[in-house]
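Colleague: Quick one, fold the following:
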Amino acid sequence: MTSCQSVAARWVLAMLLQAVVFASLSHAAALVAPNVVTISPALVTAGQPNAASLKALGSDGFRAVIYLAPMTVMDAVREEAEIVRAQGLEFINIPIDFGEPTEAEFARFTETMERLKGQKVLVHCQVNMRASTFTFLYRVLTLHESPELAYEAVAKVWSPRGPWRQLVGAQLKKAGIAFDFY
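Modeller: Coordinates of the predicted model:
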């Protein structure tokens, strides 16, 4: 192979790699919702997606949706469960009162995430505060990811306060993880 052919081959390889990376990120980019954060090709957190985005989740490779707000919140898509299930996706609602998140709700979230391992999942709430925080705890406590790395996704959305700060602190302390996220 001549040096010119070698340069051309490397350029083609670089373009193909760039296309693969773009394609894996473009699915989340097509999701119209507040504060969309792609954690990995198989995990995305967000605020409330619009109905059109919910209808496209199956074609974007998602296999499940976990909704962490009550179905009665003002901006909820009332027919979300039906839209998601009509695509053959699993829909799970863990209706967390924003002012009172509990350890039991986090345990249910963790059990659900473990059951869905290996599938592409959207975790959402209204603005990605519940979703980003529970996903952070799951990544740190169950997947044993670095708290510093996992917290970057939360920091893109907010800094937990009040009962959320207390819940995160208590869960980290219970697991013996020292991490100052404030």
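
Colleague: Assign Val44 to helix, strand or coil.
Modeller: Of the three states, Val44 takes strand according to DSSP: H, G, I helix; E, B strand; the rest coil.

Colleague: Check Val123 too.
Modeller: Secondary structure state of Val123, per three-state DSSP, is strand.

Colleague: Can you list the low-confidence ranges for this structure?
Modeller: The chain contains residues with pLDDT under 70 at 1-29, 182.

Colleague: So for it, the centremost residue is which one?
Modeller: With distances taken as Cα atoms, centre = their mean, the residue of the chain nearest its centroid is Thr45 (2.5 Å).

Colleague: Pull out the buried positions in stretch 73-86.
Modeller: The neighbour-count check on stretch 73-86 (16 or more other Cβ atoms under 10 Å) flags Ala76, Val77, Glu80, Ala81, Ile83, Val84 as buried. C-beta: built from backbone N, CA, C; applies to glycine.

Colleague: The helix or strand hosting Ile66: what's the following helix or strand?
Modeller: Following DSSP states H and E, one finds Ile66 within strand 64-67. Using DSSP H and E, the next helix or strand after strand 64-67 towards the C-terminus is helix 80-86.

Colleague: could you say what helices and strands that following helix packs with?
Modeller: Under the contact criterion of 3 or more Cβ pairs under 8 Å, 6 or more residues apart in numbering; DSSP states H and E, helix 80-86 touches helix 51-56, strand 64-67, strand 90-93.

Colleague: ok, which stretches of this structure are helices?
Modeller: 3-29, 51-56, 80-86, 103-115, 129-141, 147-155, 162-174 (DSSP state H).

Colleague: residues of the second one that come out buried?
Modeller: When you say that, I think you mean helix 51-56. For helix 51-56, burial by neighbour count (16+ other Cβ under 10 Å) applies to Ser53, Leu54, Ala56.

Colleague: Show me the domain layout of the chain.
Modeller: Split into domains by automatic domain parsing, the chain comes to 1-30, 31-174.

Colleague: now the ones you listed in TSV, with distance to Phe181?
Modeller: Formatted as TSV, the domains of the chain follow (distance: least, Cβ to Cβ, whole Å):
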stretch	distance to Phe181
domain 1-30	24
domain 31-174	5
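
Colleague: thinking Lys55 is in contact with Ile83, fair?
Modeller: Yes - with contact defined as Cβ atoms under 8 Å, Lys55 reaches Ile83; the gap is 5.7 Å.

Colleague: ok, now which ones touch Glu114?
Modeller: Residues near Glu114 by Cβ atoms under 8 Å, 6 or more residues apart in numbering: Thr142.

Colleague: Please apply the same query to Leu57.
Modeller: Neighbouring residues of Leu57 by Cβ under 8 Å, 6+ apart: Leu31, Pro49, Val65, Val84, Gln87, Leu89, Leu122.

Colleague: residues touching the second one, list them.
Modeller: Applying Cβ under 8 Å, 6+ apart, we find Pro49 in contact with Leu31, Val32, Ala33, Leu57, Val77, Leu122, His124.
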